[in-house]
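K.L.:
A predicted structure for the sequence below; I have some questions about it.
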Amino acid sequence: MAGFLSTLRRIYLSLYNWTVFVGWFQVLYFAVKALREGGPTTVYGFVERPLQLAQTAAVMEILHGLVVISFAVGLVRSPVSATLPQIGSRLFLTWGILWSFPETRAHILVSSLVISWSITEIIRYSFFGMKEAFGFAPSWLLWLRYSTFLILYPTGITSEVGLLYVALPYIKASEKYCIRMPNKWNFSFDYFSASILALAIYIPGSPHMYQYMLGQRRKALSKSKTA
Amino acid sequence: MKVTVVSRSGREVIKGGIELHDEATVSDLQEAIHARTKKYYPSRQRLTLPMQAGIQGKPIVLSPKKKLVDYCDGNVKNLTVVFKDLGVQVLYRTLFFWEYLGPLVIYPIFYYFPVYKYFGYEGERVVYPVQTYAMYYWCLHYSKRIMETFFVHRFSHATSPLSNVFRNCAYYWTFGAYIAYYVNHPMYTPVNDLQMKIGFGFGLICQVSNFYCHILLRNLRNPNGNGGYQIPHGFLFNIVTCANYTTEIYQWLGFNIATQTIAGYVFLVVAALIMTNWALAKHRRLKKLFDGKEGRPRYPRRWVILPPFI
């Protein structure tokens, strides 16, 4: 029974990782196509669908990290504290900023955002896809997986923070997602304030994520040397 | 006997070790370590037996009251202990005092002072009776907690790491402000009179029950006992292991029924989750300890924390 479950897990994770890999490959492909054909302001239009699909699929990864069935531990080893902020910020940008406020879509930072994300994810998903499907990943892929973040995290985070900042005046002007008082549940939500809070979280959050990846890099690359 | 004190990486923490008489207790060892190192007062020391290579499981922690010989397996002249620095410690009383003081002070600020003009709401506020009662209820609750901290609770570990002060205060003070903001808001919408009475009435009954639970727990704790563990009994403890958490959760439910804010309910859910985690651990610990073997009683079938759910 245990053997069957572990095979099932492997098949599921292989399918998951390779499917999402294809999604992000499309994003990069269409982004480059847009840049060559229409220029940076057209990138969003070309990538919107595959971006939304691939990024939203990542919500599954939170489930993978948690206790899914009462007798099984999480399917993967990544701690929730590392996956949750990453997926949170990604979904916030994809749906909460770019999709909700079209005025931001033509900004140059959309290109850098989409390129940073897609390259990172292509490497990441193919790496995990290889490990699940074939039991190993080639050493150059391992190296890419644990090295490209050194550049792509800063470029990606800068793009995220930048776009968030650019969106702020549009968020303030519109009443989108805001809940005002009075109401029977005595609740209010101000999207502008929430966005400022999100921006503030990047201050401790970015070094935390970067440190986490540096730690992972040290562990992964030293292990491959001794192996 | 000679005690060698090493760090987890194998380095000697006390050069040359410590000489103690054969009947010495762990507490004596801790005092000796403190005498040799000014920084590491006893409550900061975590002493364990060295882990055997290859053997899994948690290391055995030395209990201050026991004798050192109890931990020697055969060789009563030499003992090696592993030392870990737990960091700066504060008394649990200190921790609880600061975390409870915040809500006690912050909430009335939103009630009494014109803070809402800084949020953009000018003009006079109309204060509903429920808002006044809520403030009294809230302050009663946190005053009670502070009073219990100094006069009722008996703590098994006297101290907690300093970092917990910041973490716990952030939790209590932020939620205190978050709830106070909404209940005292100039645009607050009260519930009907009957619902308010039911909420506060139920809440008060639960607060009194909670106090009684704390008295019972205090009397359970035998200061010279075996780590202090006994099967809780009496009042609601006969049917639920952590009746004190049960009454605390239901008390907040009463408050929320009367005041009806999302903020209050969010706090209720988070607090309930935290307490449920604790309750599950305690229930498991008690069941493991009272397994019915070797003359020990068997832990009875009981709810963990929230009948009829868990």
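P.N.:
Happy to help now that I have it. Everything numeric here is computed off the predicted structure, so don't read it as measured data. Numbers count the residues shown, from 1 in each chain, chains lettered A, B, ... in the order given.
K.L.:
residues in contact with the helix or strand hosting residue B:83: which ones?
P.N.:
Per DSSP states H and E, residue B:83 falls inside strand B:78-85. Contacts of strand B:78-85 with the rest of the structure, by CB atoms under 8 Å, 6 or more residues apart in numbering or on different chains, involve B:1-8, B:13, B:29, B:33, B:40, B:44-51, B:59, B:62, B:68, B:71-72. Bear in mind the C-beta positions are built from the backbone N, C-alpha and C, glycine included.
K.L.:
recalculate using a threshold of 6 Å.
P.N.:
With CB atoms under 6 Å, 6 or more residues apart in numbering or on different chains as the test, strand B:78-85 has contacts from B:2-8, B:13, B:44, B:46-48, B:50, B:68, B:72.
K.L.:
can you check stretch B:101-115 too?
P.N.:
Outside stretch B:101-115, the residues touching it (CB under 6 Å, 6+ apart) are B:135, B:138, B:142, B:169, B:172-173, B:176-177, B:180-181, B:184.
K.L.:
run the chain-centre distance for it.
P.N.:
On the basis of CA atoms, centre = their mean, to the nearest Å, stretch B:101-115 sits 25 Å off its chain's mean C-alpha point.
K.L.:
could I get it in CSV with only the CA atoms?
P.N.:
Output of stretch B:101-115 as CSV, limited to C-alpha atoms (Å, rounded to 0.1, in the frame of the first residue of the first chain):
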residue,chain,number,x,y,z
LEU,B,101,-1.4,44.9,29.9
GLY,B,102,-1.5,46.0,26.3
PRO,B,103,-5.1,45.1,25.6
LEU,B,104,-6.2,46.4,29.0
VAL,B,105,-4.8,49.9,28.2
ILE,B,106,-5.2,50.0,24.4
TYR,B,107,-9.0,49.2,24.3
PRO,B,108,-10.2,52.0,26.6
ILE,B,109,-8.1,54.5,24.5
PHE,B,110,-10.4,53.8,21.6
TYR,B,111,-13.4,54.1,23.8
TYR,B,112,-12.6,57.3,25.8
PHE,B,113,-10.3,59.3,23.5
PRO,B,114,-11.2,61.0,20.2
VAL,B,115,-8.9,58.8,18.2
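K.L.:
could you tell me which residues within that stretch count as buried?
P.N.:
For stretch B:101-115, burial by neighbour count (16 or more other CB atoms under 10 Å in any protein chain shown) applies to B:101-104, B:106-108, B:110-111.
K.L.:
and if you look at stretch B:119-134?
P.N.:
Along stretch B:119-134, these residues count as buried under the neighbour rule (16+ other CB under 10 Å): B:125, B:128, B:130-131, B:133-134.
K.L.:
which one of those is nearest residue A:133?
P.N.:
Checking those against residue A:133 with CB to CB, the nearest one is residue B:134 at 58.3 Å.
K.L.:
can you confirm that closest one is in a helix?
P.N.:
Yes - the assignment for residue B:134 (DSSP: H, G, I helix; E, B strand; the rest coil) places it in a helix.
K.L.:
do you know the pLDDT at it?
P.N.:
The per-residue pLDDT reported for residue B:134 equals 98.
K.L.:
same thing with the one 10 residues further on?
P.N.:
Reading off the per-residue confidence, residue B:144 sits at a pLDDT of 97.
K.L.:
and residue 194, what element?
P.N.:
Reading this off chain A. Secondary structure assignment for residue A:194, by DSSP H and E: helix A:191-226.
K.L.:
actually, chain B is the one I wanted.
P.N.:
helix B:193-220.
K.L.:
ok, residue 171 - how many residues close by?
P.N.:
By default, I'm working from chain A. A total of 24 residues lie near residue A:171 under the criterion other CB atoms under 10 Å in any protein chain shown.
K.L.:
my question was about chain B
P.N.:
Residue B:171 is flanked by 16 other residues according to other CB under 10 Å.
K.L.:
then residue A:44?
P.N.:
Residue A:44 is flanked by 22 other residues according to other CB under 10 Å.
K.L.:
coming back round to it: I'd like to know which elements the next helix or strand after the helix holding residue B:194 is packed against.
P.N.:
On the C-terminal side of helix B:193-220, the closest following helix or strand by DSSP H and E is helix B:243-259. Helices and strands touching helix B:243-259, by 3 or more CB pairs under 6 Å, 6 or more residues apart in numbering or on different chains; DSSP states H and E, are helix B:193-220, helix B:262-289.
K.L.:
is it possible to get CSV of those helices that adds distance to residue B:76?
P.N.:
Shown next, in CSV, are the helices and strands packed on helix B:243-259 (distance: least, CB to CB, whole Å):
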stretch, distance to residue B:76
helix B:193-220, 35
helix B:262-289, 28
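K.L.:
let me know the secondary structure of residue A:165.
P.N.:
Under three-state DSSP, residue A:165 comes out as helix.
K.L.:
ok, the closest residue to it other than its chain neighbours to residue A:58 distance?
P.N.:
Distances taken as CB to CB, 6 or more residues apart in numbering or on different chains put residue A:199 closest to residue A:165, at 7.1 Å, once the chain neighbours are dropped. With distances taken as CB to CB, to the nearest Å, residue A:199 is found 22 Å from residue A:58.
K.L.:
so for these two, which residue has more residues nearby?
P.N.:
More neighbours surround residue A:58 than the other of residue A:199 and residue A:58, with 20 against 14 (other CB under 10 Å).
K.L.:
neighbours around the spatially closest residue to that one that is not a sequence neighbour, how many?
P.N.:
With sequence-adjacent residues excluded and distances taken as CB to CB, 6+ apart, residue A:58 is closest to residue A:87, at 5.2 Å. Other residues within reach of residue A:87, judged by other CB under 10 Å, total 19.
K.L.:
name the SS class of residue A:87, please.
P.N.:
Per three-state DSSP, residue A:87 ends up helix.
K.L.:
ditto for residue B:73
P.N.:
Looking at residue B:73 with three-state DSSP, the answer is coil.
K.L.:
which residues touch it?
P.N.:
Listed by CB under 6 Å, 6+ apart, the contact set of residue B:73 is empty.
K.L.:
shouldn't residue A:82 be in contact with residue A:212?
P.N.:
Yes - using CB atoms under 6 Å, residue A:82 is in contact with residue A:212, at 5.1 Å.
K.L.:
near chain B, which residues of chain A show up?
P.N.:
By CB under 6 Å from any CB of the partner chain, the part of chain A that sits against chain B consists of A:181-182, A:184-187.
K.L.:
out of those, which is most surrounded?
P.N.:
Sorting the residues of chain A next to chain B by how many neighbours each has (other CB under 10 Å) puts residue A:186 first, at 23 neighbours.
K.L.:
what sits closest to residue A:187 if chain neighbours are left out?
P.N.:
With CB to CB, 6+ apart as the criterion, residue A:187 has its nearest non-adjacent residue at 3.8 Å, and that residue is residue B:262.
K.L.:
and that neighbour, how many neighbours does it have?
P.N.:
Per other CB under 10 Å, the neighbour tally for residue B:262 reads 18.
K.L.:
for the residue of the stretch 1-150 of chain B found nearest chain A, give me phi and psi.
P.N.:
Residue nearest to chain A within the stretch 1-150 of chain B (CB to the nearest CB): residue B:121, separated by 9.6 Å. With angles defined as degrees, to the nearest 10, residue B:121 sits at phi -100, psi 100.
K.L.:
contacting residues around it?
P.N.:
Contacts of residue B:121 by CB under 6 Å, 6+ apart are residue B:186.
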